[in-house]
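J.: Generate coordinates for the sequence data below:
(one chain, ligands or ions: 4)
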Amino acid sequence: MTTVEMGIPTVRRSVSLAGRPDVDHLVDRFGRVARDLRVSITEKCSLRCTYCMPEEGLPAIPAQNLLTASEIVRLVDIAVHRLGVREVRFTGGEPLMRVDLEQMIAGCAERVPGVPLAMTTNAVGLEHRADGLARAGLTRVNVSLDSVDREHFARLTRRDRLPSVMAGIRAAARAGLAPMKINAVLMPETLSGAADLLEWCLREGVTLRFIEEMPLDADHEWARENMVTADRLLAVLGERFTLTEHGREDPSAPAEEWLVDGGPATVGIIASVTRSFCSDCDRTRLTAEGTVRSCLFSDQEIDLRSALRSGADDEELAQLWRGAMWNKWAGHGINADGFAPPQRSMGAIGG
Ligand SMILES: Nc1nc2c(ncn2[C@@H]2O[C@H](COP(=O)(O)OP(=O)(O)OP(=O)(O)O)[C@@H](O)[C@H]2O)c(=O)[nH]1
Ligand SMILES: C[S@@+](CC[C@H](N)C(=O)[O-])C[C@H]1O[C@@H](n2cnc3c(N)ncnc32)[C@H](O)[C@@H]1O
Ligand code: SF4
Ligand code: SF4
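T.: Ligands and ions are numbered 1, 2, ... in the order given. Sure thing, here's the model as predicted:
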């Protein structure tokens, strides 16, 4: 399948709160509390990673359906002050594709002072914006970088932009956007360069985390038998480094860590498929079109944008959000019989 649509999830305007305790924060039926908000701000991207986007990019979201910077600031304010969110991460698509990103960050920094404002980015062009983003109030960035081999990088991302990414990483470090983490999705074609990537990150003083590929690619080519597992990666890295299991930063952190050659440097693995961490999930998501998505894999979304634009007050919006999260599933279900991937691909959800 090569031509891909963005996917039309089931978008609802109301949701059942039956059985929900009368608390402010975002609880679900499994006792989890969402404190980590991920806000997708665009479907556009400067790269076309094969595990995420179709070659032609995602269909454009009509401008009137995209949340504006001030709408995003308002929803972030509600999330923090009414729903107990403690950290906000901007993602996409590629967040740097929005020219009003600095304005959005500055608005959030003013409304929710002290709350960490992070961004997940491919770092293309970050070189020119890192200082301004730091001044606006961005606290840290995680950067996607799958290979330090220029040819491998260009093949995987369908764009020859490795030098720009490296320059972006260095500029972000100089701007104080730290601690910075590098994310690398595990793919068969880049596995042979995994140890070189780790060596590069150790030299640059940034933390590397490898990620198992999830069935969220727009081309629907993910296949369990082709995916590189955490165990396979550990065997490959073990040929060059001594790795010692070190556990998780905190129980809801997606990455398990290993000390590299006795430490203190670590390498992380986000093993979403073979060692799922859904039972400790603390995430809530806002899509670029203003729907709440309770799980990466759940296509049932709650529409905040329509409510917001038809005059709902902050408490009404907060209550819709609480309902969306109360109905969150137990987990992604990738390992269950009959699993079907969601309609939206990763770039259309906000990874
Ligand atoms: N299964 C699952 N994987 C996720 C989720 N969110 C992010 N990921 C994966 O984890 C990777 C890293 O996510 P980041 O955007 O860097 O965020 P993070 O790991 O929460 O960031 P830190 O707070 O710096 O640890 C992404 O590339 C996704 O592949 C999630 O909710 N569920
Ligand atoms: C969708 S991107 C959006 C932010 C930004 N464009 C970037 O690449 O960092 C967010 C994260 O999702 C990850 N990702 C994309 N597709 C994935 C997949 N199929 N499985 C696992 N992670 C994926 C990327 O590696 C990236 O770290
Ligand atoms: S992973 Fe990020 S950089 Fe790569 S195509 Fe998806 S949105 Fe773009
Ligand atoms: S797949 Fe869903 S439940 Fe599992 S960690 Fe991700 S968002 Fe949370």
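
J.: which bits of the protein sit near ligand 1?
T.: Within the chain, the positions adjacent to ligand 1 are 89, 120, 142, 181, 183, 211, 253-254, 270, 272, 283, 296, 351 by CB under 6 Å from any ligand atom. The way it works is simple: take the backbone N, C-alpha and C, and place the C-beta from them, glycine included.

J.: Now tabulate these in JSON lines and tack on secondary structure, neighbour count and distance to residue 128.
T.: Below are the residues of the chain next to ligand 1 laid out as JSON lines (DSSP: H, G, I helix; E, B strand; the rest coil; neighbours: other CB atoms under 10 Å; distance: CB to CB, whole Å):
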{"residue": "89", "secondary structure": "strand", "neighbour count": "22", "distance to residue 128": "22"}
{"residue": "120", "secondary structure": "strand", "neighbour count": "20", "distance to residue 128": "19"}
{"residue": "142", "secondary structure": "strand", "neighbour count": "21", "distance to residue 128": "19"}
{"residue": "181", "secondary structure": "strand", "neighbour count": "18", "distance to residue 128": "22"}
{"residue": "183", "secondary structure": "strand", "neighbour count": "20", "distance to residue 128": "22"}
{"residue": "211", "secondary structure": "strand", "neighbour count": "23", "distance to residue 128": "27"}
{"residue": "253", "secondary structure": "coil", "neighbour count": "17", "distance to residue 128": "31"}
{"residue": "254", "secondary structure": "coil", "neighbour count": "19", "distance to residue 128": "30"}
{"residue": "270", "secondary structure": "strand", "neighbour count": "21", "distance to residue 128": "29"}
{"residue": "272", "secondary structure": "coil", "neighbour count": "19", "distance to residue 128": "33"}
{"residue": "283", "secondary structure": "strand", "neighbour count": "21", "distance to residue 128": "30"}
{"residue": "296", "secondary structure": "coil", "neighbour count": "20", "distance to residue 128": "31"}
{"residue": "351", "secondary structure": "coil", "neighbour count": "22", "distance to residue 128": "23"}
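
J.: mind putting these in a markdown table, pLDDT included?
T.: Supplementary listing: the residues of the chain next to ligand 1 in a markdown table, determined by pLDDT from 0 to 100:
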| residue | pLDDT |
| --- | --- |
| 89 | 98 |
| 120 | 98 |
| 142 | 98 |
| 181 | 98 |
| 183 | 98 |
| 211 | 98 |
| 253 | 84 |
| 254 | 89 |
| 270 | 96 |
| 272 | 94 |
| 283 | 97 |
| 296 | 96 |
| 351 | 81 |
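
J.: Between those, which sits nearest residue 31?
T.: Residue 31 lies nearest to residue 283 out of these, by CB to CB, at 15.0 Å.

J.: Distance check, the closest one against residue 334.
T.: Remark: distance between residue 283 and residue 334 (CB to CB, to the nearest Å) = 16 Å.

J.: cool, and residue 152?
T.: Look at residue 152 and residue 334: by CB to CB, they are 26 Å apart.

J.: Over to residue 68?
T.: 35 Å.

J.: So these two - more neighbours on which side?
T.: residue 334 (19 against 14; other CB atoms under 10 Å).

J.: tell me the SS of the more buried one?
T.: With DSSP: H, G, I helix; E, B strand; the rest coil as the basis, the three-state label of residue 334 is coil.

J.: Am I right that it is in contact with residue 216?
T.: No: taking contacts as CB atoms under 8 Å, residue 334 lies outside contact range of residue 216: 10.0 Å.

J.: Could you name every residue contacting both of these two?
T.: Counting by CB atoms under 8 Å, 6 or more residues apart in numbering, the residues touching both residue 334 and residue 216 are residue 297.

J.: so, in contact with ligand 2 or not, stretch 169-177?
T.: No: taking CB under 6 Å from any ligand atom as the criterion, stretch 169-177 and ligand 2 are apart, separated by no less than 11.8 Å.

J.: what about dumping the CA coordinates of that stretch to CSV?
T.: This file holds the C-alpha atoms of stretch 169-177, laid out as CSV (Å, rounded to 0.1, in the frame of the first residue of the first chain):
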residue,chain,number,x,y,z
ILE,A,169,21.7,19.1,18.0
ARG,A,170,24.9,21.1,18.7
ALA,A,171,23.0,24.4,18.6
ALA,A,172,20.4,23.1,21.0
ALA,A,173,23.2,22.0,23.4
ARG,A,174,24.8,25.5,23.2
ALA,A,175,21.4,27.1,23.8
GLY,A,176,21.1,25.1,27.1
LEU,A,177,18.1,22.9,25.9
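
J.: Sweet, I'm off.
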